[in-house]
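Undergrad: Based on what follows, work out the 3D shape:
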Amino acid sequence: MNDLSSSLLLPAIVFLPLLAAIIAFLIGRNRLQGLINISFSLTQFLLVVLTTLLFLDEQTDQSERYVIGGWGAPLGIDLIVDGFSILMLALTGLLTLLITLYSASYFSDKYNASEKSLRFWPLWWFLISGLNALFMSADAFNIYVCLEIIGLSAAALVALQGNRAALQAALRYLLVGLLGSLFYLFAIAILYRSHGTLDLMQMAETASHSFPDKVAMILITIGLLLKIALFPLHFWLPPAHANAPTPVSAILSALVVKASLYILIKFWFDVLGETTTLGASQVLGALGGAGIIYGSWCAFRATQLKLLIAYSTVAQLGYIFLLFPLSEYSMGVSSFTGSASQAAVYFIVAHACAKAAMFLAAGNLILAQGNGEIAQLKGIAVREPLNVLVFAIAGISLIGLPPSAGFIAKWLLLTTAIESGQWWWVIVVITGGLLGAMYLFKVLSLAFSTDPAVVESPTEKSTAPVSSVSVPVSSVMTTVALILALITLALGLNAEFILNISNTVTEVNGI
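TA: Below is the predicted model of the structure:
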């Protein structure tokens with residue numbers, strides 16, 4: 001069957017992780033637990049690959065819809081795929097497979113209490129199912145449901161460590177997520193009253209400069225910015241990402257924050273594009289620029305490795321928000337096309353792979369050292385050369401040095417800013433890169449230091465758990481991190497191929 005609109009591939013991508021969650025809950029502690037979850041992740045990855053190939057084979061410039069149960073909008077539930085959603089599904093499938101491989105080893109008895117794995121796997125699969133459903137949702141209320149599934153699962157996963165810092169971070173994450181969802185839900189109520197439908201396509205056809213649509217767009221933007229953690233609404237992200245188990249930190253930074261960003265882009269450029277203005281886009285760009293500087297500086301000052309990476313996420317998200325002021329405007333309406341959108345797409349993919357690699361490598365280094373304090377990493381490159389190499393490659397991509405994917409993404413941003421006459425963004429991007437180099441050098445200089453580590457007590461600002469027990473790092477965990485790092489290099493070395501994919505994403509985009 002070669003028609004996505006009539007095949008069962010799209011619902012299977014959503015329901016397979018739900019089945020995995022149920023089975024993970026039922027089997028409990030089982031010696032085959034890791035193998036079963038890896039099998040589910042591999043199956044999901046193959047489904048996503050097949051879906052992507054079918055979508056590209058159809059060579060259509062329109063989105064594809066699957067009507068669940070034969071009841072279309074507005075009565076039924078539709079799943080929809082376009083260039084952007086296919087990209088996000090493919091990215092989710094790849095990262096889920098690799099991080100599941102990592103997690104199967106990470107949550108073994110060797111590294112973590114088996115009780116944690118009993119709680120981890122059902123929550124993990126609920127999170128993945130929510131992400132897949134979100135990227136294919138064609139209904140505004142279904143998007144709200146998916147956001148809640150993602151938020152609740154993510155907050156519970158953050159709390160898995162069980163210590164006070166993790167529980168506080170998870171509670172803060174939960175409350176901020178609920179507040180963001182409340183803003184979004186109010187907006188959807190306004191849109192339903194104004195348009196009489198929750199279907200995104202039907203809503204886009206009747207969107208206008210009306211006051212209700214503008215209010216709804218403002219509420220949606222505020223709610224999603226809370227979930228994305230754009231500066232200055234970032235306060236919940238660093239402690240949540242720093243205190244979560246390593247696989248959770250990786251997926252939160254690589255994909256979960258991108259889910260809300262994906263929805264914001266959809267509404268901003270597709271559904272309610274009529275309500276956006278160049279001034280509002282400049283405001284988002286300014287917040288992104290401030291986030292780049294602030295996040296990079298806080299990363300440089302961080303005393304713990306995972307906290308440094310978490311603040312780096314705050315900074316990297318700021319780069320993506322330069323998409324908004326750099327987007328092409330025609331007749332006062334912005335469009336998800338052109339070099340700015342290509343840069344954003346490239347950046348989303350590059351950051352996801354690099355940040356996942358960096359968090360996994362950091363988790364390995366913390367296990368090997370038995371401590372998350374950066375000062376305790378002196379000389380660790382001698383014992384963990386591959387993990388330090390992974391950290392370095394991921395860092396090179398984040399600061400935008402060749403031949404990494406981050407270099408291509410930032411180069412596209414710089415050229416777009418120059419061509420559009422918005423030279424001030426060039427200064428922001430270069431400054432952010434220099435600050436990024438500072439915090440990367442801070443870690444690597446210690447890792448390659450020959451001086452013995454000086455034992456220091458954690459500072460008052462430290463939030464992540466500190467252990468004094470070091471353990472040998474599994475070769476599987478190191479290999480997974482290395483694969484992700486090599487992917488970031490491959491994305492940079494095959495820039496022309498990736499740019500062609502980026503063109504497809506931006507051209508075959510829309511609801």
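Undergrad: who touches the helix or strand containing residue 24?
TA: Assessed by DSSP states H and E, residue 24 sits inside helix 9-27. Helix 9-27 is contacted from outside by 4, 33, 36-37, 40, 43-44, 47-48, 50-51, 54, 66, 68, 79, 81, 89, 121-126, 128-129, 132-133, 136, using C-beta atoms under 8 Å, 6 or more residues apart in numbering. C-beta: built from backbone N, CA, C; applies to glycine.
Undergrad: out of these, which are buried?
TA: 4, 33, 36-37, 40, 43-44, 47-48, 51, 54, 66, 79, 81, 89, 121-126, 128-129, 132-133, 136 (16 or more other C-beta atoms under 10 Å).
Undergrad: Mind checking which of those are in helices?
TA: With helices taken from DSSP state H, the overlap with the buried ones among the contacts of helix 9-27 comprises 33, 36-37, 40, 43-44, 47-48, 51, 54, 89, 121-126, 128-129, 132-133, 136.
Undergrad: residue contacts, the closest residue in space to residue 180 that isn't next to it in sequence?
TA: Sequence neighbours aside, residue 226 is the residue nearest to residue 180 in space, at 3.6 Å (criterion: C-beta to C-beta, 6 or more residues apart in numbering). Residue 226 sits next to 176, 177, 179, 180, 183, 233 when contact means C-beta under 8 Å, 6+ apart.
Undergrad: again with residue 263
TA: Remark: with contacts taken as C-beta under 8 Å, 6+ apart, residue 263 is in contact with 134, 143, 147, 224.
Undergrad: now do 7 Å
TA: 143, 224 (C-beta atoms under 7 Å, 6 or more residues apart in numbering).
Undergrad: Doesn't it lie inside a strand?
TA: No: read with DSSP: H, G, I helix; E, B strand; the rest coil, residue 263 is helix and lies in no strand.
Undergrad: That one and residue 137: what is the separation?
TA: Computed as C-beta to C-beta, to the nearest Å, the residue 263 to residue 137 distance reads 9 Å.
Undergrad: Spit out the contact partners of the residue positioned nearest the centre of the chain.
TA: Centroid check for the chain by C-alpha atoms, centre = their mean gives residue 255 as the closest residue, at 2.3 Å. Residues in contact with residue 255 (C-beta under 7 Å, 6+ apart) are 92, 95, 131, 352.
Undergrad: Quick check: the second one touching residue 357?
TA: What it means is residue 95. No: contact criterion C-beta atoms under 7 Å: residue 95 and residue 357 do not qualify, at 10.2 Å.
Undergrad: still on that earlier bit, sort out for me which of the contacts of residue 255 are in helices.
TA: Counting by DSSP H, the members of the contacts of residue 255 that fall within helices are 92, 95, 131, 352.
Undergrad: Save these as TSV, and put in pLDDT too.
TA: Converted to TSV, these look like this (pLDDT from 0 to 100):
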residue	pLDDT
92	94
95	96
131	95
352	93
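Undergrad: List only those of those flagged as buried.
TA: Among the ones in helices among the contacts of residue 255, the ones that count as buried by 16+ other C-beta under 10 Å are 92, 95, 131, 352.
Undergrad: Quick one: residues contacting the nearest residue to the third one once chain neighbours are set aside.
TA: What it means is residue 131. Residue nearest to residue 131 in three dimensions, not counting chain neighbours: residue 92, with 5.3 Å by C-beta to C-beta, 6+ apart. By C-beta under 7 Å, 6+ apart, the residues touching residue 92 are 128, 131, 132, 255.
Undergrad: repeat for residue 215
TA: residue 190.
Undergrad: Doesn't it lie inside a helix?
TA: Yes: using three-state DSSP, the assignment for residue 215 is a helix.
Undergrad: Give me the distance between it and residue 187.
TA: Here the distance between residue 215 and residue 187 works out to 8 Å (C-beta to C-beta).
Undergrad: Same question for residue 373.
TA: 43 Å.
Undergrad: Ok, residue 387 next?
TA: Per C-beta to C-beta, residue 387 is found 44 Å from residue 187.
Undergrad: hmm, back to that, and which of the contacts of residue 92 is nearest residue 156?
TA: residue 128 (13.8 Å; C-beta to C-beta).
Undergrad: Isn't that closest one up against residue 96?
TA: Yes: assessed by C-beta under 7 Å, residue 128 is found in contact with residue 96 at 5.4 Å.
Undergrad: Let me see the ranges of the strands in the stretch 51-200 of the chain.
TA: Counting by DSSP state E, counting those that start in this stretch, one finds strands in the stretch 51-200 of the chain at the ranges 64-67, 78-81.
Undergrad: Can you list the residue ranges for helices in the stretch 51-200 of the chain?
TA: Assigned helices in the stretch 51-200 of the chain, in chain order: 83-106, 114-136, 140-158, 164-195, 200-206 (criterion: DSSP state H, counting those that start in this stretch).
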